[in-house]
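1. Just to be clear, the model below is a prediction. Sequence and coordinates:
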Amino acid sequence: MVIKTEDLSKHYILGVETVKALDGVDLEIATGEFVAVMGPSGSGKSTFMNLIGCLDTPTAGNYWLNGGQVSNLSEDELARVRNQEIGFVFQTFNLLPRATALHNVELPLIYAGVGVKERRERAEEKLSLVGLGDRMGHRPPELSGGQRQRVAVARALINEPALLLADEPTGNLDSTTGKDIMKVFVDLNAQGQTIVIVTHENDIAEYAERQVHLLDGLIDKDFRNEDREI
């Protein structure tokens, strides 16, 4: 089990009002699953993403990631979990514009103190995995939007994370390029990578094996994709 939440809640105090962004979510995601988390604005999906990504801490409830309870960890401990257990992909790519694709992918390993030879080999392997073996020396301005997102995916995979967490990964891409990126996720999942994608787009969610829909801070629907896009 990669993700297990038990009565996971996040409440905010706004003046005299308590806003229940997440109000008791029980969810399990098994190793190797590909899950899309959906919901309208205000449903709690962004809050849920922040909690399972260890970017925030819950008001109440428990969260286990890859077998370890993380809901009560300190900020330093959460940072360690983020670096070692989770790979993040965002819609804005978050690449260094003056660094090559290879250097962008290497960055987490540089921060981790990995030697030059090993980190280069690992970065080359991940770039090849996402179909950019011939673009390693290119900088982001020399790459298309889809290629930039592939670099971001390679970087997210560099530490062999238990969970690949993607927030609207096709949000800045045209529909054709978005489909190409989703096929990258499908291929990664076929190789055993556990993936959670947060999206508001039905056609993107259809690439996942399973959809979890949030509404008013609670799970509204949880079902398998019978007509999955692959």
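-> Ah, there it is.

2. Check which helices and strands the lengthiest helix in the chain is in contact with.
-> In the chain, assigned by DSSP state H, the helix with the most residues is helix 175-190. Under the contact definition 3 or more Cβ pairs under 8 Å, 6 or more residues apart in numbering; DSSP states H and E, helix 175-190 sits against strand 34-38, helix 145-157, strand 163-167, strand 195-198. (Glycine included, C-beta is placed from N, CA and C.)

3. ok, which stretches of this protein are strands?
-> 3-14, 17-29, 34-38, 60-65, 68-69, 86-90, 163-167, 195-198, 210-215, 218-224 (DSSP state E).

4. Dump the first one to PDB, keeping only the CA atoms.
-> What that stands for is strand 3-14. Written as PDB, here are the backbone C-alpha positions of strand 3-14 (Å, rounded to 0.1, in the frame of the first residue of the first chain):
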ATOM      1  CA  ILE A   3      -1.200   5.600   0.300                       C
ATOM      2  CA  LYS A   4      -3.600   5.100   3.200                       C
ATOM      3  CA  THR A   5      -5.600   7.900   4.800                       C
ATOM      4  CA  GLU A   6      -7.900   7.500   7.700                       C
ATOM      5  CA  ASP A   7     -10.400  10.300   8.600                       C
ATOM      6  CA  LEU A   8      -8.000  12.800   6.900                       C
ATOM      7  CA  SER A   9      -9.200  16.300   7.500                       C
ATOM      8  CA  LYS A  10      -8.000  19.900   7.000                       C
ATOM      9  CA  HIS A  11      -9.900  22.800   8.500                       C
ATOM     10  CA  TYR A  12      -9.200  26.500   8.300                       C
ATOM     11  CA  ILE A  13     -10.400  29.300  10.600                       C
ATOM     12  CA  LEU A  14     -11.500  32.300   8.700                       C
END
